[in-house]
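> Sequence unavailable; structure follows:
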């Protein structure tokens, strides 16, 4: 984790979706600061500065609220329905010496042995939950996949973590597998598999019932 | 015959409405790259099958194609030259209800350029505007 980014925040006096829309129209992002058993504060951040900071890998941010400066960690982000724009940010108060649980993205490196045997790498988990000191949070967890052959799998327990970082998610979590690609189905095969018309639930039983009543009569 | 459910509770359904945007299935979850709908529409089973064929044909057995939509909804129609009335028509084809933001197709196991070209071919088969999206690894 790099140096903390300093962001100037404005306190939001009015909360609620109507006011949040107005905040976004002004080029700002609504956010909330909470943690350390203090009262939560609704703020807004400059959208451009915040997004730029995120793109540069900053997760630790110094938020200046009035004259007070608070060290915070980006805990959660909410996106719009297209996943393009950030619509809300959760910031958690932290101390640099504090141990926190965070999710960190996995960065796959290298070309897997299996890909030369016409296999493909499938990423089942793209982030891991780790526990470490705030100052030691890594930007990414690097995972080398060059030794993975066809049929091999890597679990969370196999991932080498940097010093001072502990795994918080289950070690059995499947991260990466390498497997052969099944031949794509042709249009004819798909046609054969698909029913001509779907079975209607309960219609078969009804027909049987009618037959049995007719027999009794 | 393209995709359709194996079992259904009712043979015919009413048209229904499609309000709002996709609140789920609006991010790339399985592959690395995806095709996201920018409009809401019914996407027929024929469209989905055409997209699948276009992608698999372009990929030449490389990578994996994931289809994130399924045609659950039957659409009925009346035969030609039939007078109005006499009840609802027979089921004609099946459609998937797609709302803006829904990720319809995903591709994994190939480089970005190849995925982009494959998904562009899929986009041409869709009756709606779509955009290319990548998996979001960080928060």
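Looks like it arrived, so ask away. Bear in mind the structure is a predicted one, so any value in this text is a computation, not a measurement. Numbers count the residues shown, from 1 in each chain, chains lettered A, B, ... in the order given.
> Look at residue A:116 and tell me its secondary structure.
Here residue A:116 is recorded as helix under DSSP: H, G, I helix; E, B strand; the rest coil.
> Next, count neighbours for it.
10 (other C-beta atoms under 10 Å in any protein chain shown). From N, CA and C alone the C-beta is placed, and that goes for glycine too.
> what's the answer for residue B:10, then?
A total of 11 residues lie near residue B:10 under the criterion other C-beta under 10 Å.
> residues in chain A within reach of chain B, list them.
A:54, A:59, A:74, A:76-77, A:81-83, A:103, A:105-107, A:118, A:120-123, A:126-127, A:181, A:183-184, A:187, A:190-191, A:194-202 (C-beta under 8 Å from any C-beta of the partner chain).
> Buried members of the residues you listed into ChimeraX, please.
In ChimeraX, a selection of the buried entries from the residues of chain A next to chain B looks like this (16 or more other C-beta atoms under 10 Å in any protein chain shown):
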select /A:54,59,74,77,81,82,83,105,106,120,121,122,123,126,127,181,184,190,194,198
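> Show me where chain A has its helices.
Taking DSSP state H as the test, the helices found in chain A are A:17-25, A:47-55, A:187-193, A:203-216.
> So which elements touch the shortest one?
Counting contacts by 3 or more C-beta pairs under 8 Å, 6 or more residues apart in numbering or on different chains; DSSP states H and E, the secondary-structure elements packed against helix A:187-193 are helix B:45-59.
> Same question for the second one.
Other elements packing on helix A:47-55 under the criterion 3+ C-beta pairs under 8 Å, 6+ apart are strand A:5-11, strand A:28-35, strand A:86-93.
> Give me the buried positions along that helix.
For helix A:47-55, by 16+ other C-beta under 10 Å, it's A:47, A:49, A:50, A:53, A:54.
> Could you dump those into TSV and include pLDDT and distance to residue A:99?
Shown next, in TSV, are the buried residues of helix A:47-55 (pLDDT from 0 to 100; distance: C-beta to C-beta, whole Å):
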residue	pLDDT	distance to residue A:99
A:47	93	31
A:49	92	28
A:50	92	26
A:53	89	24
A:54	88	23
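> quick one: the strands in chain B?
B:7-8, B:33-37, B:41-44, B:64-67, B:73-77, B:90-98, B:103-108, B:130-134 (DSSP state E).
> Could you list every helix and strand in contact with the second one?
Identification of packing neighbours for strand B:33-37 by 3+ C-beta pairs under 8 Å, 6+ apart yields strand B:103-108, helix B:112-125, strand B:130-134.
> Of these, which stretch is the most buried?
Compared across the helices and strands packed on strand B:33-37, strand B:103-108 shows the largest average neighbour count, a mean of 25 (mean count of other C-beta atoms under 10 Å in any protein chain shown).
> So chain A: which segments form each domain?
Here the domain assignment for chain A is A:1-94, A:95-185, based on automatic domain parsing.
> circling back to that earlier point, and of the strands of chain B, who's closest to residue A:25?
strand B:130-134 (23.3 Å; C-beta to C-beta).
> Walk me through which strands that closest one pairs with, and which way each runs.
Using DSSP bridges, the strands paired with strand B:130-134 are strand B:33-37 (antiparallel).
> any idea of the angle the partner strand forms with helix B:112-125?
For strand B:33-37 against helix B:112-125, the angle between stretch directions is 30 degrees (axes from the mean of the first three to the mean of the last three C-alpha atoms, to 10 degrees).
> hang on, the earlier thing: distance to residue A:142 and mean pLDDT for the strands of chain B - can I get that in a markdown table?
Shown next, in a markdown table, are the strands of chain B (distance: least, C-beta to C-beta, whole Å; pLDDT from 0 to 100):
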| stretch | distance to residue A:142 | mean pLDDT |
| --- | --- | --- |
| strand B:7-8 | 47 | 92 |
| strand B:33-37 | 22 | 96 |
| strand B:41-44 | 39 | 96 |
| strand B:64-67 | 24 | 93 |
| strand B:73-77 | 45 | 96 |
| strand B:90-98 | 37 | 95 |
| strand B:103-108 | 20 | 94 |
| strand B:130-134 | 19 | 95 |
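> and those strands, which is most packed in?
strand B:33-37 (a mean of 26).
> got the contact list for that one?
A:82-83, B:22, B:26, B:28, B:68, B:98-108, B:112, B:115-116, B:119, B:122-123, B:126, B:128-135 (C-beta atoms under 8 Å, 6 or more residues apart in numbering or on different chains).
> 7 Å instead, please
By C-beta atoms under 7 Å, 6 or more residues apart in numbering or on different chains, the surrounding residues in contact with strand B:33-37 are A:82, B:28, B:98, B:100-107, B:112, B:115, B:119, B:122-123, B:128, B:130-134.
> May I see the helices and strands packed on helix A:47-55 arranged in JSON lines, with distance to residue B:82 and mean pLDDT as well?
Below are the helices and strands packed on helix A:47-55 laid out as JSON lines (distance: least, C-beta to C-beta, whole Å; pLDDT from 0 to 100):
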{"stretch": "strand A:5-11", "distance to residue B:82": "66", "mean pLDDT": "89"}
{"stretch": "strand A:28-35", "distance to residue B:82": "56", "mean pLDDT": "94"}
{"stretch": "strand A:86-93", "distance to residue B:82": "50", "mean pLDDT": "94"}
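> Okay then, goodbye and thanks.
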